[in-house]
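A.B. asks: Quick one: sequence plus predicted model below, questions after.
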Amino acid sequence: MEYVESWSYKNAGIMSQMYTMSATAHGLSTCMMEGFDARRAKEILRIPDRFGIPLMVATGYDYGVPPVVHADLNVDFDPVSDQESGGASTQKRTPRLEMNEVFFGDTFGEPLDLLQSLNKGGEEEAA
């Protein structure tokens, strides 16, 4: 079991690094934290025992800095041109978890307000 936990914690670190870089590209500030009371954090956030907390990432906007505005984030993956074969080929996406399965609000399993507002924005545009 130690190998699996070690492997998953290392992968969580890699994912957290990509998350912080992506958040920064969208005008957010982040701070990775470790050294917290993981048992107490799991209790407060109501995280089931089968999950661990290798680190936490505080995320938000800098005080007084306007948020970065980006194009529609709901655009589907575009085909990539294959220069060598002279034709257009479509890159297939590997299976991914939905955002609501990865990011939560105040407690484990609770929807994140940001995701709800993104979904509402997409529904309004479609109407």
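C.D. replies: Cool, got the structure.

A.B. asks: A strand includes residue 110, no?
C.D. replies: No. Residue 110 is assigned coil when assessed by DSSP: H, G, I helix; E, B strand; the rest coil, not a strand.

A.B. asks: residues contacting the residue nearest to it when sequence neighbours are not counted?
C.D. replies: Of all residues not flanking residue 110 in the chain, residue 104 sits nearest, at 5.5 Å (CB to CB, 6 or more residues apart in numbering). Bear in mind the C-beta positions are built from the backbone N, C-alpha and C, glycine included. Contact analysis of residue 104 by CB atoms under 8 Å, 6 or more residues apart in numbering lists 45, 110-112.

A.B. asks: What's the mean pLDDT across stretch 53-61?
C.D. replies: Per-residue pLDDT values over stretch 53-61 give a mean of 90.

A.B. asks: Now do the end-to-end distance for that stretch.
C.D. replies: Using CA to CA, to the nearest Å, one end of stretch 53-61 lies 24 Å from the other.

A.B. asks: circling back: biggest separation within the contacts of residue 104, which pair?
C.D. replies: Using CB to CB, the pair of the contacts of residue 104 lying farthest apart is 45 and 111, separated by 14.0 Å.

A.B. asks: who has more neighbours, these two?
C.D. replies: residue 45 (17 against 13; other CB atoms under 10 Å).

A.B. asks: Out of the contacts of residue 104, flag the one nearest to residue 6.
C.D. replies: Checking those against residue 6 with CB to CB, the nearest one is residue 45 at 22.6 Å.
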